[in-house]
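S.K.: build me a model:
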Amino acid sequence: MNTLKVGDKVPHFTAIDDSGNTIDWNDYLGHRVVVFFYPKASTPGCTAEACNLRDHYEDLKASGYRLLGVSADSVKRQANFRDKNSLPFPLLADENREVINAFGVWGLKKFMGKEYDGIHRMTFIINELGEVEKVIEKVKTKDHAAQILVV
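M.R.: Next up is the predicted model:
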């Protein structure tokens with residue numbers, strides 16, 4: 001896993017969001033961006049994380065952040081997740097793992113004694129120049145906005 005680090009420039013990407021729109025990274029340059037990766041839409045931890053960010057969305061926006069959620073789920077699954085939880089930010093349906101691989105969050109995981117490949121729950125805070133400002137590797141799903149807002 002070759003994860004982006006503080007100071008790294010985010011590589012250009014395009015991806016499809018939960019509404020079927022193409023999201024182009026270039027459209028986010030000039031803004032502070034929070035890109036959060038989660039393993040699977042509508043699972044308990046991912047729901048807690050997304051809802052915490054939803055509940056603090058106005059605070060995050062007031063701090064100048066734009067948010068992008070990313071998982072390898074389909075557009076349909078992302079749309080269901082968004083609708084069920086009233087999420088106000090785009091969710092990227094990265095089924096080909098292009099964005100996931102660009103950020104380096106795909107790799108070996110362990111759960112209940114089993115090893116498997118999957119998405120590591122991580123968040124990247126990116127400055128206006130498209131450079132990684134902070135990486136949150138130990139995401140607190142129920143209090144994630146607070147981890148972001150302390151930057």
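S.K.: in this structure, which spans are helices?
M.R.: Along the chain, the segments classed as helices by DSSP state H run 44-55, 57-62, 75-85, 98-103, 144-149.
S.K.: what's the most buried one of the ones you listed?
M.R.: Comparing the helices of the chain by mean neighbour count (mean count of other CB atoms under 10 Å), helix 98-103 ranks first with a mean of 20. Just so you know, the C-beta spots here come from the backbone N, C-alpha and C atoms, and that holds for glycine as well.
S.K.: state the mean pLDDT of that one.
M.R.: Across helix 98-103, the average pLDDT comes to 96.
S.K.: how about low-confidence regions in the protein?
M.R.: Counting by pLDDT under 70, the ranges of the chain that qualify are 1, 151.
S.K.: centroid residue for it?
M.R.: Nearest residue to the geometric centre of the chain (CA atoms, centre = their mean): Phe36, 1.9 Å.
S.K.: so what's it closest to, chain neighbours aside?
M.R.: Nearest residue to Phe36, sequence neighbours excluded (CB to CB, 6 or more residues apart in numbering): Thr123, at 4.3 Å.
S.K.: do the same with Lys109
M.R.: Gly118 (4.7 Å).
S.K.: would you turn the helices of the chain into TSV with distance to Lys9?
M.R.: Converted to TSV, these look like this (distance: least, CB to CB, whole Å):
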stretch	distance to Lys9
helix 44-55	24
helix 57-62	23
helix 75-85	26
helix 98-103	11
helix 144-149	20
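S.K.: just grab the bridge partners of the residue nearest to the centre of the chain for me.
M.R.: Gly69, Thr123 (DSSP bridges).
S.K.: isn't it right up against Asn52?
M.R.: No. Counting by CB atoms under 8 Å, Phe36 does not reach Asn52; the two are 10.4 Å apart.
S.K.: wait, Asn127 touches Glu133, no?
M.R.: Yes. With contact defined as CB under 8 Å, Asn127 counts as touching Glu133 (4.8 Å).
S.K.: okay, and the common contacts of these two?
M.R.: Arg32 (CB atoms under 8 Å, 6 or more residues apart in numbering).
S.K.: circling back to that earlier point, any common contacting residues for Phe36 and Asn52?
M.R.: Jointly contacting Phe36 and Asn52 under the rule CB under 8 Å, 6+ apart are His144.
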